[in-house]
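Enquirer: Next come a sequence and a model predicted from it.
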Amino acid sequence: MNRRNKKARTKKRLGSKLKFFLKTLVFTVTGVSLALFYVWQYVQMSQTGFGIKSREKELIGLQKENQGLELRLSRLLMPPNIRSRIVKLNINLQEPERWQIVRVEEQSILFDGNIMFSGEIAEEGIFGKTLIGVSAVSGSPETIVMEDGQ
């Protein structure tokens, strides 16, 4: 009987040592996993922060460039600059004759009291008026030729 008790006690000790080892192992693996997750998360946050900062700097640079281009455009569009450029390039421009001026009118096409098309008369020819504008139905640009009398 003594021998059986010894074996049982040894089994019990091995079982308790194994349980302790497994608990310690699980605790250690969990702790290391959490620590690694924390470090990974911190690295990701840092990289995201650096990315945001670089994009903000890029945005500021592009905004400054845009302001400079807008200023340059406004200078180029000033009438004295246009006149000097015309003279510099030796372009022979003249005032248009009265017959060369085309007045553009706003025209709408109604169907059952609703506006179906709104646009400008581009030209009046032998086939009627050519309208260029936007369809109220589809919202897309369109060209319509109207026969006289419409």
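Expert: Looks like it came in fine.
Enquirer: Using the record's domain definitions, break this structure down for me.
Expert: If you go by automatic domain parsing, the domain ranges for the chain are 1-93, 98-146.
Enquirer: name the element residue 42 belongs to?
Expert: Taking DSSP states H and E as the definition, one finds residue 42 inside helix 2-76.
Enquirer: Mind giving me the packing neighbours of that helix?
Expert: The helices and strands touching helix 2-76, judged by 3 or more CB pairs under 8 Å, 6 or more residues apart in numbering; DSSP states H and E, number zero. Heads up, the C-betas are built off the backbone N, CA and C, glycines and all.
Enquirer: one step back: now the weakest link among the domains of the chain, please, by mean pLDDT.
Expert: Lowest mean pLDDT of the domains of the chain: domain 98-146, a mean of 57.
Enquirer: for residue 82, phi and psi?
Expert: Main-chain torsions, residue 82, degrees, to the nearest 10: phi -70, psi -40.
Enquirer: and the closest residue to it other than its chain neighbours, how many neighbours does it have?
Expert: Nearest residue to residue 82 in three dimensions, chain neighbours excluded: residue 76, at 7.7 Å (CB to CB, 6 or more residues apart in numbering). By other CB atoms under 10 Å, 10 other residues sit near residue 76.
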